[in-house]
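**Student:** using only what follows, build the 3D model:
(2 chains)
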There are 2 protein chains.
Amino acid sequence: MSLLVVGSVALDTVETPFGNATEALGGSALFFACAACRLHPVQVVGVVGDDYPFAQLEKLAGNGIDLSGVEKVKGESFRWKGKYSYDLQSRETLETRLGVFADFQPRIPPNFRNAEWVFLGNIDPELQLSVLDQIKKPKLVACDTMNYWINGKRDVLLQLLRHIDVLMVNDSEARELSGDWNVYRAARWIMDRGPKRVVIKQGVYGAVLTEGKSVFYVPAFPLESVFDPTGAGDSFAGGFMAYLAKAGDASPANLKRAMVFGATMGSFAVEDFSINRLASLSLDEVSSRARAFRDLVHVDVEPETVGRQAR
Amino acid sequence: MSLLVVGSVALDTVETPFGNATEALGGSALFFACAACRLHPVQVVGVVGDDYPFAQLEKLAGNGIDLSGVEKVKGESFRWKGKYSYDLQSRETLETRLGVFADFQPRIPPNFRNAEWVFLGNIDPELQLSVLDQIKKPKLVACDTMNYWINGKRDVLLQLLRHIDVLMVNDSEARELSGDWNVYRAARWIMDRGPKRVVIKQGVYGAVLTEGKSVFYVPAFPLESVFDPTGAGDSFAGGFMAYLAKAGDASPANLKRAMVFGATMGSFAVEDFSINRLASLSLDEVSSRARAFRDLVHVDVEPETVGRQAR
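**Tutor:** Numbering: from 1, shown residues only, chains lettered A, B, ... in the order given. Down below sits the predicted model:
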């Protein structure tokens, strides 16, 4: 029941109203892996330059993260520098230096090709397709993307949609892809083009899962302090996919639980800079927060009673 | 177990990307009443001018809405004219003519003064206080307000907070009142100043109820078509308060159910202009949508299992 992620491994320099981090571990694959490994071992495919802080990376290996698919090549690692607004609701990219990531050609190691649960982090959809060509028989493929590819490589992206099971995007991406502002219509538009399920992430408001006509909603965990939203979406994906990999099948009930574990890991990710909070998490903390989601939304509605007694 | 609302009774002229309504029934008290009456009889206190379309108003009386507290005075009725953005997420007020509403001094008829469940719609906090002076022994008082009063009559509003049980505002109002962007900290700030519970409405994302340290979240009902968001918040309040009035007590479990019925009525309100959808609602439709909220969020998380088996 192996779980594979392909994506970026980066060095993030982040400024928020609450502090900053300089050249800290980041990237979609790393956030995904650090969230996923709390529930299930995870294999990572990515690339770093020879300036990457390997010692920090190696420490993660002990947590069930297999980094043997992360190529180390000559050159600069991928660096991203961003600054968040006072309310953390928007961010400005100050600098993007792709470095060795510019020539990234994902090569899936032979022992990773049996992966059953595959997450394609936000990279060029052509590369995402090339990953799928290398995986033998995935059980479920989920995929992220971004506005840059939606605009720049729309045809390839639409082709990719026909080969994946879950598209996992944020609301602005869903809107841009579908041309529809309403997220439920946008999800239907996407499902009409391939993936049987769509997950639309809505930041502090939570996330929506659609499958056919059914809709499932998980709120974001109520946090009084958020330090750094970077990586929240990839951490969500990590919790989501790791739960499915652990459960072993993507039944509707398991998909709902996966949403809760996704929201759980996303909520931890934002409590500190970089992967710091995720890296220090205990299983008890994960279980206890996942349980707390139940109290957050569960209600016994007995509308029949209302019907009988009203007026 | 009588239920009372005090607020505006207006004529709304609304333009949305999907159509428009001209001088249609509106106002906080009217939306509240049209939503509430599906679950529980409701008494309305407000004022209209002699140009109000009384015939339309009278029709509502058959639905359990007692309009004997709506004063008819010489002059123009309150008129509001607004235009919504393409995504319905923002609106521009084109015209506000207060008319007879400018001199509104709520007079609670003697037979309304025993009201146990009271909603103070969005009017001058001085008037909201004067309403409370006229109510004998309310069981629960909920109250709305807006940025105009938060800025212009802050001291009176803070005084009012000490006398109410639930403040029901949208997220921008909660932020402006507390000076805190984080809605959970904002809610705590408000609870520290009087009301034991706070409901923060978040539009298409749903609503949050806080009581002490507990947080309950109800999403907005997933709608593929929204026609006119006007009155959604007051309809939410109507469903919320009517459920409590019907249930007879504001236990934590009933408050959660009230949130679901609030979200249910809010979701119906936006499906048509003015009070049109609310006015045509059957109890079956209400029950069935309230039930649908269960499927929207319920999940069986068994994190213990995850804990035992992980890695």
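
**Student:** for residue A:141, phi and psi?
**Tutor:** Main-chain torsions, residue A:141, degrees, to the nearest 10: phi -120, psi 120.

**Student:** try residue A:78
**Tutor:** Backbone torsions of residue A:78, given as degrees, to the nearest 10, read phi -60, psi 130.

**Student:** what of residue A:64?
**Tutor:** phi 90, psi 20.

**Student:** residues touching it, list them.
**Tutor:** A:37, A:40, A:41, A:42, B:311 (CB atoms under 8 Å, 6 or more residues apart in numbering or on different chains). All C-beta atoms are positioned from the backbone trio N, CA, C, and that covers glycine.

**Student:** could I get the full set of helices for chain A?
**Tutor:** For chain A, helices defined by DSSP state H occupy the ranges A:28-36, A:54-61, A:125-134, A:147-152, A:154-161, A:171-178, A:183-191, A:232-247, A:252-269, A:276-279, A:283-297, A:303-309.

**Student:** most neighbours of all the contacts of residue A:64, which one?
**Tutor:** residue A:42 (29 neighbours; other CB atoms under 10 Å in any protein chain shown).

**Student:** please name the nearest non-neighbouring residue to that one.
**Tutor:** residue A:36 (4.3 Å; CB to CB, 6 or more residues apart in numbering or on different chains).

**Student:** contact partners for residue A:48?
**Tutor:** Neighbours of residue A:48 in contact, by CB under 8 Å, 6+ apart: A:9, A:54, A:57, A:70, A:71, A:72, A:73, A:77, A:78, A:100.

**Student:** around chain B, which positions in the stretch 1-150 of chain A sit nearby?
**Tutor:** With the criterion set to CB under 8 Å from any CB of the partner chain, the stretch 1-150 of chain A comes near chain B through A:37, A:38, A:39, A:40, A:41, A:64, A:86, A:87.

**Student:** so what's the first one up against?
**Tutor:** With contacts taken as CB under 8 Å, 6+ apart, residue A:37 has the following neighbours: A:60, A:63, A:64, A:65, A:238, A:242, B:311.

**Student:** what is the nearest of the residues you listed to residue A:196?
**Tutor:** Distance to residue A:196, by CB to CB, is smallest for residue A:242 among the contacts of residue A:37, at 20.0 Å.

**Student:** may I ask which helix or strand of chain A has the lowest mean pLDDT?
**Tutor:** Lowest on mean pLDDT, DSSP states H and E among the helices and strands of chain A sits helix A:303-309, with a mean of 49.

**Student:** neighbours around the closest residue to residue A:247 other than its chain neighbours, how many?
**Tutor:** Computed as CB to CB, 6+ apart, the closest residue to residue A:247 that is not its neighbour in sequence is residue A:254, at 4.5 Å. Residues within reach of residue A:254, counting by other CB under 10 Å, total 16.

**Student:** do the same with residue A:268
**Tutor:** When neighbours are counted by other CB under 10 Å, residue A:268 comes out with 25.

**Student:** phi first, then psi, for the residue in the stretch 1-150 of chain A that chain B sits nearest to.
**Tutor:** Nearest residue of the stretch 1-150 of chain A to chain B, counting by CB to the nearest CB: residue A:87, 4.5 Å away. Residue A:87 adopts backbone torsions of phi -100, psi 10, taken as degrees, to the nearest 10.

**Student:** that one against residue B:183, yeah?
**Tutor:** No: look at residue A:87 against residue B:183 with CB atoms under 8 Å: they stay out of range, at 10.8 Å.

**Student:** those two - which one has more neighbours?
**Tutor:** Taking other CB under 10 Å, residue A:87 and residue B:183 do not tie; residue B:183 has more neighbours (22 against 12).

**Student:** please name the nearest non-neighbouring residue to residue A:156.
**Tutor:** residue A:125 (4.4 Å).

**Student:** the one you found against residue A:161, yeah?
**Tutor:** No: using CB under 8 Å, residue A:125 is not in contact with residue A:161, being 9.0 Å away.

**Student:** so if I had to pick from those two, which one is more boxed in?
**Tutor:** Taking neighbours as other CB under 10 Å, residue A:125 and residue A:161 compare with residue A:125 leading, 23 against 19.

**Student:** close to chain B, is stretch A:222-235?
**Tutor:** Yes: for stretch A:222-235 and chain B, the contact criterion (CB under 8 Å from any CB) is met by A:222, A:223, A:224, A:225, A:226.

**Student:** looking at those residues, which is nearest residue B:287?
**Tutor:** Among these, and counting by CB to CB, the member closest to residue B:287 is residue A:222, at 28.9 Å.

**Student:** tally of neighbours for that closest one?
**Tutor:** Neighbour tally, residue A:222, other CB under 10 Å: 19.

**Student:** name all residues that make contact with residue A:230.
**Tutor:** Contacts for residue A:230 were tallied using CB under 8 Å, 6+ apart; they are A:12, A:14, A:26, A:31, A:82, A:273, A:274.

**Student:** next: residue A:68.
**Tutor:** Per CB under 8 Å, 6+ apart, neighbours of residue A:68: A:43, A:109.

**Student:** ok, it to residue A:181 distance?
**Tutor:** 44 Å (CB to CB, to the nearest Å).

**Student:** and for residue A:140?
**Tutor:** 29 Å.

**Student:** please apply the same query to residue A:76.
**Tutor:** Separation of residue A:76 from residue A:181 (CB to CB): 39 Å.

**Student:** got the end-to-end distance for stretch A:26-44?
**Tutor:** Length of stretch A:26-44, first residue to last, CA to CA, to the nearest Å: 13 Å.

**Student:** now do that stretch, average pLDDT.
**Tutor:** Average pLDDT, stretch A:26-44: 97.

**Student:** hang on, residue A:24 packs against residue A:15?
**Tutor:** No: using CB under 8 Å, residue A:24 is not in contact with residue A:15, being 11.7 Å away.

**Student:** who does the closest residue to residue A:112 other than its chain neighbours form a beta bridge with?
**Tutor:** If the residues on either side of it in the chain are set aside, residue A:112 comes closest to residue A:43, at 5.0 Å by CB to CB, 6+ apart. On the basis of DSSP bridges, residue A:43 is bridged to residue A:4, residue A:66.

**Student:** give me the low-pLDDT residue ranges for chain A?
**Tutor:** Counting by pLDDT under 70, chain A has low-confidence residues at A:302-311.

**Student:** pull out the buried residues from stretch A:231-246.
**Tutor:** A:231-246 (16 or more other CB atoms under 10 Å in any protein chain shown).

**Student:** number of nearby residues for the residue in the stretch 151-300 of chain A that chain B sits nearest to?
**Tutor:** Closest contact between the stretch 151-300 of chain A and chain B, by CB to the nearest CB, is at residue A:287 (3.5 Å). As a burial measure, residue A:287 scores 22 neighbours (other CB under 10 Å).
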